[in-house]
Each structure stands twice: as C-alpha cells, then as structure tokens.
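# what's the 3D shape of this:
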Amino acid sequence: MTRVLLGDVGGTYARFALAEPSSIGTIWSTEVGAWADVIEALRAFLASDTSGKPVDGALIAAAGPVEAGKCRLTNAAWILDEHKIAGALSLPWVRLVNDLEAVAAGLADLNPAQCRLVGGTAPLPGAPIAVLSPGTGLGIACVLIGPAGRCVMTSEGGHASLAGMDDQSDKIVGILRRHHGRVSAERVLSGPGLANLHQAVAEMDGCITPRPTPSDVTTGAFDGSSPYCRSAIDMFCAFLGSVAGDVALTFGARGGIYIGGGIVPRFVDYFARSSFREHFIAKGRMRPYLERIPTRVILHSNPAFVGLMSLASASYERRAVARSR
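Residues are numbered from 1 along each chain as shown. Predicted structure coming up:
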C-alpha cells in the first residue's frame, strides 16, 4: 500500500482521508447535502491537500448496495461510480464497497478499549462476527476471519421485516404499518426511526404531537422533559436487542455482535442498563445459544476507516501478485 484516498460516505455525512501504509491523515468531514455529487466533494477535499504527493488510488465505502462498481446511496441523492470518479480525478483505480463491509472488515483490529461490552463473555473462536449500525439508516454485515484472510458478507438486512416482541411492541408495529405500510427494521432502528417511535408511542397514548428530530428525542429522553422521548429510546433499545439476536441466529455469529453507528454511543451507559440484552437472548429454545455471545458497542469515532485500511492493504497485495505474474 502506498498513498490512497479513503472515503466513508453515509446518508448524512461524508468523510475522507489520505492514508499511507502505517497511518491515516486528518479526516475531512462534510455534509452530503452540501455538494451536488461525490466528485465535487472529493475535489474540495483534495484541494486541501498541500503535500504534493500523488494519490495512487481510492477506496470508498458507501451507504448502499454496490453493484458493478456503482452505488446509489439508500438515504441520499448521490450516485457513486468507480469509473466516473477515477476519470474525473485522474486516479489509477477506484473501488467502491458497502459501508458495512468496511466496518466489518475492521472489527478484528479494534482495540478492546474502543468498545463497550454489554453482556456475554464467551465468543467462539473462528465463528462469524456480525455488526449492526443504526444511523441515518440501518446497516448489517458479517465477517468470517480465517487462514485465508477476512471474508465479509454484506447484506440489506436493515430492510428485513420488523417483528414485535410482546403486546406493546406489536401495537407499535401496527401503528407504524398504518402510516408506512410495510415496516422494516430500519423504520425504527435509525435516526428517523427514533422519531417514528416517538410518534407511535404518543399515538398509542392517544396523543398527537409534532414530529421531533432524532436529536430532540435523545435530548428529551435524558433531560427528563419528555416521557414519550424516554419511551421511544427504551423501545429502540428493545427492538435493537431483538433484531441483533435474529442477526446472530441468522449468521451463526457466535464470534460476537457489534453495535456501530452514530446513535447508541451517545447514550451507551443507559443502553448498557436497558432491555437490549434481555431481548437479544429472548429467543425461546435458543436462549442458551445466545447467552454466551458477547455484544459490544463500538466507541471508535470512525470504525469504517479501520476496515478501509485493512481492505486497502489487501487490495494492494492482490495487485502486486497480479503484476508479478
């Protein structure tokens, strides 16, 4: 690996950095909505680089499905295209990956101090590890680490159907179904999902309130000003536990479950005391299977860049092997 441009493009923010084999430069952050497209944002970022060193390629994680070198962001208007980015910026190569592929690829490199353990202590060595990241949307991925390296399985599991866990959650899903039709996990496990939960909890109580922003919900929950906000946070934690348990069962993720994204780290102490873990293990006959699986919250501020470094190194190794043949 020489000098490569790394990017983490989400539905709300895009972050870019220039990396060399042993270090990542300063991460430049901007709002996606501030630019017409990713190329415009990348040009602004590269204009801030005064080193004069060449950029040998780009590896960009994007919050949406990647197919044939293209990605339409799920929760924003940008469309990313490897060939167009490479041509516009005169880069030898550009590779797009799903944003959760990048996060999953870096899980093994996270320092334990950069995570918060929330239950479970006995990961099964060599077993798959999964990550769920509630943010602007809900991303889900899994990584299997073996002698041949890291194999990441991306998914669109955040759009799988949401199930209730009890009578109260069934009522909330029913209210959301009336408003939105089909209800996916992302419909509640995301920033907009916090607002959806607030509205559903209030409606269940017979109250119609103005729609809050996600930050309104977290603020109102913890400053004591809104019982509906606190209930929304409690339901968010419960639903996240249930969905995370389903993901663990689906992937056989006995190596551990990680919670990423920008929401949970804001109230990680409360989250650790919430019903998350109980709903994670409440899977009937499979409870003993899940009880041993550790669940952790990622506290690292930019975990995608940890994985991007690993992916970039692997990409350079493959290219070196190909050139030597």
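
# Give me the longest helix you can find in the protein.
The longest helix of the chain (DSSP state H) is helix 227-251.

# pLDDT (mean, whole number) over it?
The pLDDT scores in helix 227-251 average 98.

# Would you mark the buried spots in it?
Judged by neighbour count (16 or more other Cβ atoms under 10 Å), helix 227-251 contains these buried residues: 228-248, 251. Backbone N, C-alpha and C define where each C-beta goes, glycine included.

# Ok, stretch 7-26 next?
Quick answer for stretch 7-26 (16+ other Cβ under 10 Å): 7-11, 13-19, 24.

# Can you flag which of those residues belong to strands?
Counted as lying in strands by DSSP state E, out of the buried residues of stretch 7-26, are Gly7, Asp8, Val9, Tyr13, Ala14, Arg15, Phe16, Ala17, Leu18, Ala19, Ile24.

# could those residues be laid out in JSON lines, adding pLDDT and distance to Ile257?
Formatted as JSON lines, these follow (pLDDT from 0 to 100; distance: Cβ to Cβ, whole Å):
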{"residue": "Gly7", "pLDDT": "97", "distance to Ile257": "26"}
{"residue": "Asp8", "pLDDT": "97", "distance to Ile257": "21"}
{"residue": "Val9", "pLDDT": "97", "distance to Ile257": "25"}
{"residue": "Tyr13", "pLDDT": "95", "distance to Ile257": "25"}
{"residue": "Ala14", "pLDDT": "97", "distance to Ile257": "27"}
{"residue": "Arg15", "pLDDT": "97", "distance to Ile257": "24"}
{"residue": "Phe16", "pLDDT": "98", "distance to Ile257": "29"}
{"residue": "Ala17", "pLDDT": "96", "distance to Ile257": "27"}
{"residue": "Leu18", "pLDDT": "96", "distance to Ile257": "32"}
{"residue": "Ala19", "pLDDT": "94", "distance to Ile257": "28"}
{"residue": "Ile24", "pLDDT": "92", "distance to Ile257": "26"}
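
# The spatially most central residue of the chain in helix, strand or coil?
With distances taken as Cα atoms, centre = their mean, the residue of the chain nearest its centroid is Ser133 (3.0 Å). In three-state terms, and counting by DSSP: H, G, I helix; E, B strand; the rest coil, Ser133 is strand.

# Would you agree it is in contact with Ala102?
No - assessed by Cβ atoms under 8 Å, Ser133 is found out of contact with Ala102, at 10.5 Å.

# Centre of the chain to the longest helix of the chain, how far?
Distance of helix 227-251 from the chain centroid (Cα atoms, centre = their mean, to the nearest Å) equals 15 Å.

# Quick one: list the elements packing against it.
Counting contacts by 3 or more Cβ pairs under 8 Å, 6 or more residues apart in numbering; DSSP states H and E, helix 227-251 is packed against strand 129-134, strand 138-146, helix 167-180, helix 191-204, helix 214-222, strand 257-259, helix 276-281, helix 287-291.

# Mean neighbour count, the ones you listed: which tops it?
strand 129-134 (a mean of 27; mean count of other Cβ atoms under 10 Å).

# show me where pLDDT drops low in the stretch 1-150 of the chain?
Scanning the stretch 1-150 of the chain for pLDDT under 70 picks out the ranges 1.

# all strands for it, in order.
4-9, 13-20, 23-24, 28-31, 58-62, 66-67, 70-72, 79-81, 94-98, 115-117, 129-134, 138-146, 149-154 (DSSP state E, counting those that start in this stretch).

# one step back: ok, the ones in strands among the buried residues of stretch 7-26 vs Ala86, which is closest?
Nearest to Ala86 among these: Gly7, at 13.1 Å, using Cβ to Cβ.

# what's around Asp205, how many residues?
Neighbour count for Asp205, taken as other Cβ atoms under 10 Å: 11.

# isn't it right up against Tyr228?
Yes - counting by Cβ under 8 Å, Tyr228 is a contact partner of Asp205 at 7.5 Å.

# For the residue nearest to the centre of the chain, which residues are in contact?
Listed by Cβ atoms under 8 Å, 6 or more residues apart in numbering, the contact set of Ser133 reads Asp99, Leu100, Val103, Gly139, Ile140, Ile259, Gly260, Gly261.
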